[in-house]
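>>> how would this look folded up:
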Amino acid sequence: MSFAAMIEEEARLIILRTLADQPDNRLNSSLLRDDLANRWAINKSRDWVHLQIDQLAEMGAVKATRIETVVIAELTTRGLDHVERRAVIPGVKKPSPAAV
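Have a look, this model is predicted:
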């Protein structure tokens with residue numbers, strides 16, 4: 001696996017975990033981008049974050065809603081199942097047991 005693919009899988013897991021931590025299980029792409037950059041040192045463009053959200057939506061892990069230049073990502077049951085280790089989504093890093 002390439003280093004770029006490892007970063008993508010890690011970022012997708014971080015996005016799912018961050019959504020799971022929200023009271024309504026959703027956030028906008030701007031806040032997710034800032035979180036990835038500031039807390040996790042994954043400093044990518046908002047377009048790159050949009051691509052990760054789109055990939056997660058294709059996997060059924062999130063619902064993506066576009067509003068002007070932002071994307072609202074909302075965690076689905078499948079995404080939560082991955083975060084809580086009840087299911088595995090290929091293309092998303094598997095959470096470690098200690099993180100659950």
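
>>> hey, let's count contacts and neighbours off CA atoms from now on
Noted.

>>> What distance do you get for residue 40 to residue 15?
Using Cα to Cα, to the nearest Å, one gets 11 Å for the distance from residue 40 to residue 15.

>>> For the residue sitting furthest away from the middle of the chain, give me its contacts.
Ranked by distance from the centre of the chain (Cα atoms, centre = their mean), the top residue is residue 68, with 20.1 Å. With contacts defined as Cα atoms under 8 Å, 6 or more residues apart in numbering, residue 68 has no neighbours.

>>> looking at this, residue 66 is in a helix?
No. The secondary structure assignment for residue 66 gives strand rather than a helix, going by DSSP: H, G, I helix; E, B strand; the rest coil.

>>> Could you count how many residues lie near it?
Residue 66 has 12 neighbours, counted by other Cα atoms under 10 Å.

>>> Just confirm it contacts residue 72, I think it does.
Yes. Between residue 66 and residue 72 there is a contact at 6.3 Å, judged by Cα atoms under 8 Å.

>>> list the helices and strands the lengthiest helix in the chain packs on?
As assigned by DSSP state H, the longest helix anywhere in the chain is helix 3-20. With contacts defined as 3 or more Cα pairs under 8 Å, 6 or more residues apart in numbering; DSSP states H and E, the packing partners of helix 3-20 are strand 26-28, helix 29-40, helix 46-58, strand 70-75, helix 77-83.

>>> Quick check: buried residues in the longest one?
Along helix 46-58, these residues count as buried under the neighbour rule (16 or more other Cα atoms under 10 Å): 46, 49-50, 52-57.
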